[in-house]
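>>> sharing a model prediction with you, sequence too.
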Amino acid sequence: MPRFLRPLVRAVTYTRWLHLLIGAAVPLMVAFIHPGVSEPSPADWVLIAVQPVPLVAAFAVLPSIRRAEGLQARLMLFPGQHARVPGADEDPGVSVAPSASWRDRGRTAVWLVLRLEAGAVAAFCTVQLLGTMLALLGSVTEPNEDPGVLLPVPAPSWTNALLAPLPLLLLLALAVVAGRLMATAARRLLGPSPTERLAALEERTEQLLERNRIARELHDSIGHALTVAVVQAGAARAAADPAFTDRALGAIEETGRAALEDLERVLRVLREDGQPASRRPTLADAGQLLDSARASGAKVDTEVTGPLEQLPGPVSREAYRMLQEALTNVLRHSGPVPVQVRLTVGEKALELDVRNGLPTGGEVTGRGGSGLRGIRERATLLGGRATTGPREGEWQVHVELPLG
């Protein structure tokens, strides 16, 4: 089908025209009261168009009017999924929130007046063009100079029937053009205000940050579980000791179960199904994390100073993930080596210090991979700082997080 004919087979073309005709209802009702619709003069037509303006502008003061107009515009001016139009699923850019300021009310008033006047013109053109088509078909007997007909009708002739489709085509072209113009006006006059745009941008930013945080948590949790499983399986095979193998399998099972719980919680959040997510682990749950590292063969020496249970929630949760990533990094790159973990809760800051022996062989750059970079990023987001790298013959992860 030629491109210029495609709008004629789309439902949105006719719903837009219907939206315009609905706007003519108010001036039509006013016209019935005064000055009437029987043989109106040009001055009467102007009066019919002007009289309803104060009325519809006054309605724009009501906050809910903007929401009602936004909903109508979304439904009738923009194609939905049923229209099979490319880009139909995109946001039309029309707000459905009530008016929150006088600027919103002013834009709504302009929209209502525009809809009223455009609807009156659309209704007039529809009646006149359809009347002209019927006249060309010979279905009316009025004289050709009848002022009620928009286009002059030639003298009766069999050729008039050939001209009958022209008013209809003109009406369809007018419907396409006027519908597109009204859709553009709706985006400008009913579109989100700067405040709404800022709120939407902040909400979108929060969503992206939340998904970024979820990705980090999933990386930390699954990476730790896989590292523990690989280390335990390798140690069990090398030891060839049934008792050690049982302990290794138990540690793999426990770590894998915890990782599955994290994965399930993350999937629930991503699906946004409204179900409450299970509690995220904090430093109060670090015992299980340290036991998992010990079960993998690492000799973990822990020193805790201060009440971990009194830490602020965000600090405690993020510190848990940092400790998890630090231990995972030890097991992944150094194997079952002695590890020193120091947790110090001060009046103003939490200090986390993890040290272990450097791996034998290979160049140590101090930059680390995505896990260590994630530790630094987490610390920065909380207003703290983190340093990672070799120091005095050991690998050190040192984190300071403010508590206030």
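Structure received.

>>> please name the nearest non-neighbouring residue to Ser193.
Leaving out its chain neighbours, the residue that sits closest to Ser193 by C-beta to C-beta, 6 or more residues apart in numbering is Asp104, at 5.6 Å. The way it works is simple: take the backbone N, C-alpha and C, and place the C-beta from them, glycine included.

>>> buried residues of the strand or helix carrying Leu327, list them for me.
Per DSSP states H and E: Leu327 is located in helix 313-333. Of all the residues in helix 313-333, those buried under the rule 16 or more other C-beta atoms under 10 Å are 315-333.

>>> over to stretch 161-171?
163-164, 167, 170-171.

>>> and what of stretch 175-185?
Residues of stretch 175-185 classed as buried under the neighbour-count rule (16+ other C-beta under 10 Å) are 175-176, 178-179, 182-183, 185.

>>> one more: stretch 331-347?
331-337, 339-341, 343, 345.

>>> now that stretch: average pLDDT?
Mean pLDDT, computed over stretch 331-347, is 86.

>>> list of residues touching it?
223, 227-228, 231, 235, 283, 286, 290, 293, 296-308, 310-311, 323, 327, 330, 350-359, 395, 403 (C-beta atoms under 8 Å, 6 or more residues apart in numbering).

>>> in strands, which of the residues you listed fall?
299-305, 350-357, 395 (DSSP state E).

>>> Phe32 and Val26: what is the separation?
The gap separating Phe32 from Val26 is 11 Å, by C-beta to C-beta, to the nearest Å.

>>> higher neighbour count, the two?
When neighbours are counted by other C-beta atoms under 10 Å, Phe32 and Val26 differ, and Val26 comes out ahead with 20 against 11.

>>> so what's that one closest to, chain neighbours aside?
Among residues not flanking Val26 along the chain, Pro52 sits closest, at 4.8 Å (C-beta to C-beta, 6+ apart).

>>> for that neighbour, grab the count of nearby residues.
For Pro52, using other C-beta under 10 Å, the count is 21.

>>> please apply the same query to Pro390.
12.

>>> which residues does it bridge with?
Applying DSSP bridges to Pro390 gives these bridge partners: Trp395.

>>> so Glu325 touches Arg373, yeah?
No - judged on C-beta atoms under 8 Å, Glu325 makes no contact with Arg373 at a distance of 9.9 Å.

>>> confidence score at the residue most central in space within the chain?
The residue lying closest to the centre of the chain (C-alpha atoms, centre = their mean) is Arg204, at 5.7 Å. At Arg204, the model reports a pLDDT of 70.

>>> tell me which element it falls in.
Using DSSP H and E, Arg204 falls in helix 194-239.

>>> excluding covalently adjacent residues, which one is nearest to Ala185?
That would be Leu114: by C-beta to C-beta, 6+ apart, it lies 6.1 Å from Ala185.

>>> ok, the one you found - how many residues close by?
The burial count for Leu114: 17, using other C-beta under 10 Å.

>>> do you know how far it is from Leu181?
Counting by C-beta to C-beta, the gap from Leu114 to Leu181 is 10 Å.

>>> do the same with Pro312
Distance, Pro312 to Leu181, using C-beta to C-beta: 55 Å.

>>> mind checking which of the contacts of stretch 331-347 are buried?
223, 227-228, 231, 235, 283, 286, 290, 293, 296-298, 300, 308, 311, 323, 327, 330, 350-356, 395.

>>> could you pull out the helices for the protein?
Remark: helices assigned in the chain by DSSP state H are 11-23, 25-33, 42-50, 53-59, 63-76, 102-136, 160-163, 165-189, 194-239, 242-271, 286-295, 313-333, 370-381.
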